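>>> any chance you could fold what I've pasted below:
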Amino acid sequence: MKMKISQSFVILLLFVQKMTKADGDCLYNMHLKQCSCSHLDLANIMRIISCIQASSFEFNGGSFINTEDFMTFNIEMEQVLGMVRVPVTKITFVNLVLSEEFLSIFINWVYKIPIKLLAFENTTFVGKPIRSNMSGLPPRISSLQFIRVSSHPLIPRDSAFSEFPNWMSNLEELTVMRSQLRNIPCNVSLHFQALSSLDLSENLLQDETITSSFCNGSFPSLKMLKLRNNNLVNYEAVCQTFSNYYLLIHLDLSQNSFFNMSNSSCVWQPSLSHLNLSYTGLEHVNSNLPQNCEVLDLSHNKIEFLNISLHKLKELYLSYNMFSTLSTMGNLPLLQVLAVDGNPIKTLQRGQLQYFKHLNSFKGDNIPYTCSCSFVHEIKEIAETGLTIQQWPDGYICDSPILVKGKLVNDVNHSFFECHTSLLTVVVCIVILLLCVAIIICFVKIQRSSKTRSQQIQTGNSNSVHFQS
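Here you go, the predicted structure:
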């Protein structure tokens, strides 16, 4: 107990001593249990004591590049970290310039503290290649993020990562986003034995570098992989690369440029159930899809029709494509969610939705609907059933005819005669025909009556002349 008091007293004295020359500051949010420190470096790191009870920490601005300070403040840092409330939810370094050696030393400082997430955002790594002084015990970090970071290329320095095998082999989640990443050396990929989630979105990965980065034996526990917005163009090559990942469940390939799927013998693993191919420029989709797929996103492409057979598919997203009808989709017996918003469909029929027997959610807003009587009647009936129509009624607007253009479909109420124009035309034609027939009959009768009267007058005149004679 005396030892703990003396350590705390020493730290407090150091904190007060450095306070007068420290430029940075730390603020503690008691309700969120969050500590936000600005413009700190190792010379004023003791200000963190003001919020030592926090469960998450953010260091915004400043630099940690002087390697001589690392060992100078080593004892102080270990004492401060010994007082940190555990476990720590998140430690974030934002808008900083860091020495690469700082990362290895920092990990050595916190290896006893359970940290759910360690993140670096908008950070520049400079200085010497990574050099570790770790004690051999792996840090207890679950997730690691690098977002908008810059550093020396990894390729020439892949051997430097050999000093971190224990840490990398226990890491569960890794994110490297918007960092101009072109490749992950195979020797580095092989270390991530327990990694289940990997996000490499918004980088510069290509088909060839994907093949080398995901070499044989790399990321064996991978379940979720995001490759959104890279430079991938060959769908078949990507399929071949990941065809041996037996645990992969979720694959995000959106915002790449596949355009078309070529027919190939590539077969996805049965584990793959979520596939995102949105924003990929696809015009046609063939059978080269995961056969156990449950969620398929094909939105924001150029697809005009779909004829696929996926017996386990539950959710299908086709928003903003070129579909003009829903009459042909393929064999989707378990489909529950269907999104077709933003397509030039014009009209919907109840039978098109009833074809999917298990459908319980439908999204069809932002479509230029032709509000015919039958369409308005059927979609209102559909809305009254158990089917959930997303964005109803505000997102469903008439585009034609001109009299209802811009109106909500739900607000359109056609009159009986508007909805039965053909019948009305037939009735009018029949009435006109009957009137014409009646007029003709009347005309004939009048003509006959006039002729008879004329004949009678002539006969009467003839008899009058004969009597006078």
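>>> all strands of the stretch 201-350 of the chain, in order?
Here the stretch 201-350 of the chain has its strands, by DSSP state E, counting those that start in this stretch, at 224-226, 250-252, 274-276, 295-297, 308-309, 315-317, 330-331, 337-339.
>>> how about the stretch 1-150 of the chain?
Taking DSSP E, counting those that start in this stretch as the test, the strands found in the stretch 1-150 of the chain are 25-29, 34-40, 56-64, 88-94, 97-99, 115-121, 124-126, 141-147.
>>> and of those, who's closest to residue 324?
Smallest distance to residue 324 across the strands of the stretch 1-150 of the chain (C-beta to C-beta): 41.0 Å, for strand 141-147. Bear in mind the C-beta positions are built from the backbone N, C-alpha and C, glycine included.
>>> redo the strands of the stretch 1-150 of the chain as a markdown table? Include mean neighbour count, distance to residue 247 and mean pLDDT.
Below are these laid out as a markdown table (neighbours: other C-beta atoms under 10 Å; distance: least, C-beta to C-beta, whole Å; pLDDT from 0 to 100):
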| stretch | mean neighbour count | distance to residue 247 | mean pLDDT |
| --- | --- | --- | --- |
| strand 25-29 | 16 | 39 | 85 |
| strand 34-40 | 20 | 35 | 85 |
| strand 56-64 | 20 | 30 | 86 |
| strand 88-94 | 19 | 27 | 92 |
| strand 97-99 | 19 | 34 | 85 |
| strand 115-121 | 20 | 22 | 93 |
| strand 124-126 | 17 | 31 | 86 |
| strand 141-147 | 19 | 18 | 92 |
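>>> can I get these in JSON lines with distance to residue 350?
Converted to JSON lines, the strands of the stretch 1-150 of the chain look like this (distance: least, C-beta to C-beta, whole Å):
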{"stretch": "strand 25-29", "distance to residue 350": "54"}
{"stretch": "strand 34-40", "distance to residue 350": "52"}
{"stretch": "strand 56-64", "distance to residue 350": "52"}
{"stretch": "strand 88-94", "distance to residue 350": "50"}
{"stretch": "strand 97-99", "distance to residue 350": "61"}
{"stretch": "strand 115-121", "distance to residue 350": "49"}
{"stretch": "strand 124-126", "distance to residue 350": "59"}
{"stretch": "strand 141-147", "distance to residue 350": "47"}
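>>> who wins for proximity to residue 397 among those?
Closest of the strands of the stretch 1-150 of the chain to residue 397 is strand 141-147, at 38.9 Å (criterion: C-beta to C-beta).
>>> give me the residues contacting stretch 312-319.
Applying C-beta atoms under 8 Å, 6 or more residues apart in numbering, the contact partners of stretch 312-319 are 273, 278, 291-300, 303, 306, 329, 332, 334-343, 363.
>>> just the buried members of those residues?
Listed as buried from the contacts of stretch 312-319 are 273, 278, 292-294, 296-300, 303, 306, 329, 332, 335, 337-343, 363; burial here means 16 or more other C-beta atoms under 10 Å.
>>> so residue 240 makes contact with residue 265?
No - if you go by C-beta atoms under 8 Å, residue 240 and residue 265 don't touch, sitting 9.5 Å apart.
>>> which of those two has more neighbours?
Higher neighbour count among residue 240 and residue 265: residue 240, with 16 against 8, using other C-beta atoms under 10 Å.
>>> contact partners for the nearest residue to that one once chain neighbours are set aside?
In space, and not counting its chain neighbours, residue 240 is closest to residue 266: 5.4 Å by C-beta to C-beta, 6 or more residues apart in numbering. Neighbour list for residue 266: 236, 239-240, 243, 288 [criterion: C-beta under 8 Å, 6+ apart].
>>> can you check residue 200 too?
Taking C-beta under 8 Å, 6+ apart, we find residue 200 in contact with 176-177, 181, 225-227, 230.
>>> OK, contacts around the residue lying closest to residue 301 once chain neighbours are set aside?
Excluding its sequence neighbours, the residue lying closest to residue 301 (C-beta to C-beta, 6+ apart) is residue 282, at 4.2 Å. With contacts defined as C-beta under 8 Å, 6+ apart, residue 282 is in contact with 258-261, 298, 301-303.
>>> try 10 Å
Contact partners of residue 282, counting by C-beta atoms under 10 Å, 6 or more residues apart in numbering, are 235, 257-261, 298, 300-303, 321.
>>> looking at these, which is nearest residue 359?
Using C-beta to C-beta, residue 298 comes nearest to residue 359 of these, at 17.2 Å.
>>> ok, the contacts of residue 200 vs residue 35, which is closest?
Checking the contacts of residue 200 against residue 35 by C-beta to C-beta gives residue 177 as the nearest, at 24.5 Å.
>>> burial check on the closest one, number of neighbours?
Residues near residue 177, counting by other C-beta under 10 Å, number 19.
>>> ok, what's across the strand from it?
On the basis of DSSP bridges, residue 177 is bridged to residue 147.
>>> right, and it touches residue 205 too?
No - taking C-beta atoms under 10 Å as the definition, residue 177 is not a contact partner of residue 205, at 11.8 Å.
>>> mutual contacts of these two, please.
Common neighbours of residue 177 and residue 205, counting by C-beta under 10 Å, 6+ apart, are residue 229.
>>> now the stretch 51-200 of the chain, which segments are flagged as low pLDDT?
Scanning the stretch 51-200 of the chain with the threshold set as pLDDT under 70 gives 67-76, 78-79, 82, 85, 128-137, 152-166.
>>> thinking again about what came up before, for the residue nearest to residue 240, what are phi and psi?
Backbone torsions for residue 266, taken as degrees, to the nearest 10, come to phi -60, psi 130.
>>> tell me how far it lies from residue 404.
When distance is defined by C-beta to C-beta, to the nearest Å, residue 266 is 49 Å away from residue 404.
>>> before we move on, what about residue 304?
Here residue 304 is placed at a distance of 28 Å from residue 404 (C-beta to C-beta).
>>> quick one, which of these two is more surrounded?
Taking neighbours as other C-beta under 10 Å, residue 304 and residue 404 compare with residue 404 leading, 21 against 14.
>>> surely that one and residue 371 touch.
Yes - at 5.1 Å, residue 404 counts as touching residue 371 under the criterion of C-beta under 10 Å.
>>> burial measure for the closest residue to residue 238 other than its chain neighbours, as a count.
Distance criterion C-beta to C-beta, 6+ apart; nearest residue to residue 238, sequence neighbours excluded, is residue 232 at 5.9 Å. Residue 232 has 22 neighbouring residues, counting by other C-beta under 10 Å.
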